[in-house]
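*Asks:* Just a sequence and a predicted model for now, questions to come.
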Amino acid sequence: MRRAQTLRTWLEYLRQTERLATIEKQVSLQYELAAVTKKLDGVKAAFFKQVEDYSIPVVSGICSTREQFAEAMETDPYDVIRRFTDAVASPLPCKQVGNDEAPVKENIIREDIDLMRLLPIPVHHEKDAGNYLTAALFIVRDPVTRKQNVSIHRLQVTGKNRLGALLLPRHTYHLYKQAESAGRALECAIVIGVDPLTMLASQASTPFGVDELEIAGALRGEPLEVVRCETVDIDVPAFAEIVLEGKILPHVREPEGPFGEFPKYYGPRSDKEVVEIMAITHRHQPIFYTIVPAGYEHLLLGGIPREASLLQSIKQTVSGVKAVHMSLGGTCRYHAIVSILKRNEGEGKNAILAALANSFDIKHVVVVDEDVDIFNMEEVEWAIATRFQAERDLVVVHGAQGSKLDPSTDEGVGSKLGFDCTIPLDSEPMRYLRIKIPQYEGINLEDYL
Ligand code: MN
């Protein structure tokens, strides 16, 4: 059995490697659960056995380091981007199974849907408008091609069987608008509690029409098993913990938000699309999964797929690009650090332009030579400090589209900045020679202490 076969096998792997903190003490849904999770961020996953009076436990922080995503792929951290890129390039079709082979169908609820009575859905941040699903795969189907689309949206509980959804203008929204213009609802499935690689695959930057569950299959190295929902024409992971079956209502908008988002600020309240839930299916003794927004798990789930896309973009312009890093301090969205083997003068600047062109979210780009470890921010700062001169190495573009969630922009419009920290090719060798103590690498401290 692979480590990341299902949420349960992954939690068992974390437990065996002492990175699952089991919390026996009863905790409150409001803030306390998020606070304890955040205390453990980047160290251990938090498994809450008793959340208020609910019989369902809650887990959070199941992958909160880059190393853990590598472990889920059963590879090393430097191979994560290559593996993800390969999966995006070669999706693997899902394997359809029947209800009797799908644990998520062990319990089927069609009557008296009451989300907050059944599920321990937390309130995470101080000014959040209410209880939010933050870690659910949102699956819809294109009625023309029958291809599914998978994404993650924040979902506020606004009624017994009602959710307010933030749908950014991407694939899900496009399919919804098509349905709405024909006066129809768009069926959806909301999937809680899958393995970390399926979560990661859902965040792939792909063209419209690619089923992210097929990318999950490729990333897992075997087809993902899926089962047809009870009340909607959608296939969901058979080993998911909980599935909500519903529809996005046409011509209905209701207030949603504010909500604490990945940049560590609140996304605003406004009228949003509404999902109505018709049925819930779940495993016996299901586990509820939540992501505390802006935590390492949230940032890395967004960052790793973005790095894969960014590396591909830069490669088209600068073939000597070695690696890219969307750093945690830059929310894994706004800051890109790029290392290149510079073969021609000026390529540092080309790498900046290519990086800025990859995504409107990217705001600041730092390009360094390949000797700099771009995953060590002290090294990156050192390169800026000693290899950069603003007069010749700075690239500035004003009035470009950026992230609306960056509060320093004017409704999303702002400046882009690039730092070319590559060494001039014609520089005299001694000038940029790193100091080095010859015997350092071979020293074993135990021989001296
Ligand atoms: Mn998509």
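*Replies:* Thanks, I have the structure now.

*Asks:* so who does Ile384 touch?
*Replies:* Counting by Cβ atoms under 8 Å, 6 or more residues apart in numbering, Ile384 touches 366, 419, 421. All C-beta spots, glycine's among them, are computed from the backbone N, C-alpha and C.

*Asks:* And for the first one, the neighbour number?
*Replies:* Neighbour count for Val366, taken as other Cβ atoms under 10 Å: 28.

*Asks:* Got the phi and psi for the residue in the stretch 301-449 of the chain that the ion sits nearest to?
*Replies:* The stretch 301-449 of the chain approaches the ion most closely through Pro305 (11.1 Å), counting by Cβ to the ion. For Pro305, the backbone dihedrals are phi -60, psi -30 (criterion: degrees, to the nearest 10).

*Asks:* do the same with Glu111
*Replies:* phi -110, psi 160.

*Asks:* If we ignore the residues flanking it in sequence, what's nearest the residue of the stretch 51-200 of the chain found nearest the ion?
*Replies:* Residue of the stretch 51-200 of the chain nearest the ion, by Cβ to the ion: His171 (3.8 Å). Nearest residue to His171 in three dimensions, chain neighbours excluded: Asn149, at 4.5 Å (Cβ to Cβ, 6 or more residues apart in numbering).

*Asks:* Past the helix or strand harbouring Leu356, which element shows up next along the chain?
*Replies:* Assigned by DSSP states H and E, Leu356 belongs to helix 347-358. Next along the chain after helix 347-358, taking DSSP H and E as the criterion, comes strand 364-369.

*Asks:* Show me where the chain has its helices.
*Replies:* Remark: helices assigned in the chain by DSSP state H are 7-16, 32-39, 66-73, 80-89, 115-118, 171-181, 196-201, 212-220, 296-315, 347-358, 377-387, 390-393.

*Asks:* and among the ones you listed, the most buried is which?
*Replies:* Mean neighbour count (mean count of other Cβ atoms under 10 Å) peaks for helix 196-201 among the helices of the chain, with a mean of 26.

*Asks:* show me what contacts the closest residue to Gly414 other than its chain neighbours?
*Replies:* The shortest distance from Gly414 to any non-neighbouring residue, by Cβ to Cβ, 6+ apart, is to Gly402 (4.4 Å). By Cβ under 8 Å, 6+ apart, the residues touching Gly402 are 360-361, 363, 409, 412-414, 416.

*Asks:* Mind splitting this structure into its structural domains?
*Replies:* Domain ranges of the chain: 80-284, 297-420, per automatic domain parsing.

*Asks:* can you tell me the distance between the two ends of the shortest one?
*Replies:* When you say that, I think you mean domain 297-420. Using Cα to Cα, to the nearest Å, the end-to-end distance of domain 297-420 comes to 30 Å.

*Asks:* I figured Pro263 hits Ser408, correct?
*Replies:* No - contact criterion Cβ atoms under 8 Å: Pro263 and Ser408 do not qualify, at 10.0 Å.

*Asks:* which of the two has more neighbours?
*Replies:* A direct count of neighbours by other Cβ under 10 Å for Pro263 and Ser408 places Pro263 higher, at 19 against 10.

*Asks:* Tell me who's in contact with the more buried one.
*Replies:* For Pro263, the contacting residues are 294, 331, 333-334, 403, 405-407, by Cβ under 8 Å, 6+ apart.

*Asks:* hmm, try it at 6 Å
*Replies:* By Cβ atoms under 6 Å, 6 or more residues apart in numbering, Pro263 lies in contact with 331, 405.

*Asks:* From Arg333, how far out is it?
*Replies:* Using Cβ to Cβ, to the nearest Å, Pro263 is found at 8 Å from Arg333.

*Asks:* Return the residues of the stretch 101-250 of the chain in contact with the ion.
*Replies:* Neighbours of the ion within the stretch 101-250 of the chain, by Cβ under 5 Å from the ion: 149, 171.

*Asks:* repeat that for 6 Å
*Replies:* Proximity of the stretch 101-250 of the chain to the ion, by Cβ under 6 Å from the ion, involves residues 149, 171, 206, 210, 212.

*Asks:* Now pLDDT too, for those residues, in TSV please.
*Replies:* Output for these, formatted as TSV (pLDDT from 0 to 100):
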residue	pLDDT
Asn149	98
His171	97
Thr206	93
Val210	97
Glu212	98
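
*Asks:* got the helices of the chain as TSV, with distance to Arg434 columns?
*Replies:* Compiled in TSV, the helices of the chain are given as follows (distance: least, Cβ to Cβ, whole Å):
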stretch	distance to Arg434
helix 7-16	39
helix 32-39	38
helix 66-73	25
helix 80-89	26
helix 115-118	58
helix 171-181	46
helix 196-201	35
helix 212-220	37
helix 296-315	25
helix 347-358	18
helix 377-387	10
helix 390-393	19
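
*Asks:* For the lengthiest strand in the chain, buried residues please.
*Replies:* In the chain, taking DSSP state E as the definition, the longest strand is strand 242-256. Along strand 242-256, these residues count as buried under the neighbour rule (16 or more other Cβ atoms under 10 Å): 242-250, 254, 256.

*Asks:* got a list of what the spatially most central residue of the chain touches?
*Replies:* Centroid-nearest residue in the chain: Leu301, 2.3 Å away (criterion: Cα atoms, centre = their mean). Leu301 is in contact with 199, 203, counting by Cβ under 6 Å, 6+ apart.

*Asks:* okay, it: pLDDT?
*Replies:* pLDDT for Leu301: 98.

*Asks:* The closest residue to Ala238 other than its chain neighbours - how many residues pack around it?
*Replies:* Nearest residue to Ala238, sequence neighbours excluded (Cβ to Cβ, 6+ apart): Ala102, at 3.7 Å. As a burial measure, Ala102 scores 22 neighbours (other Cβ under 10 Å).

*Asks:* Now do the strands in the stretch 51-200 of the chain.
*Replies:* For the stretch 51-200 of the chain, the strands defined by DSSP state E, counting those that start in this stretch cover 58-60, 95-96, 107-109, 132-133, 136-141, 148-152, 155-159, 162-165, 186-192.

*Asks:* and of those strands, who's closest to Glu32?
*Replies:* Glu32 lies closest to strand 58-60 among the strands of the stretch 51-200 of the chain, at 11.1 Å (Cβ to Cβ).
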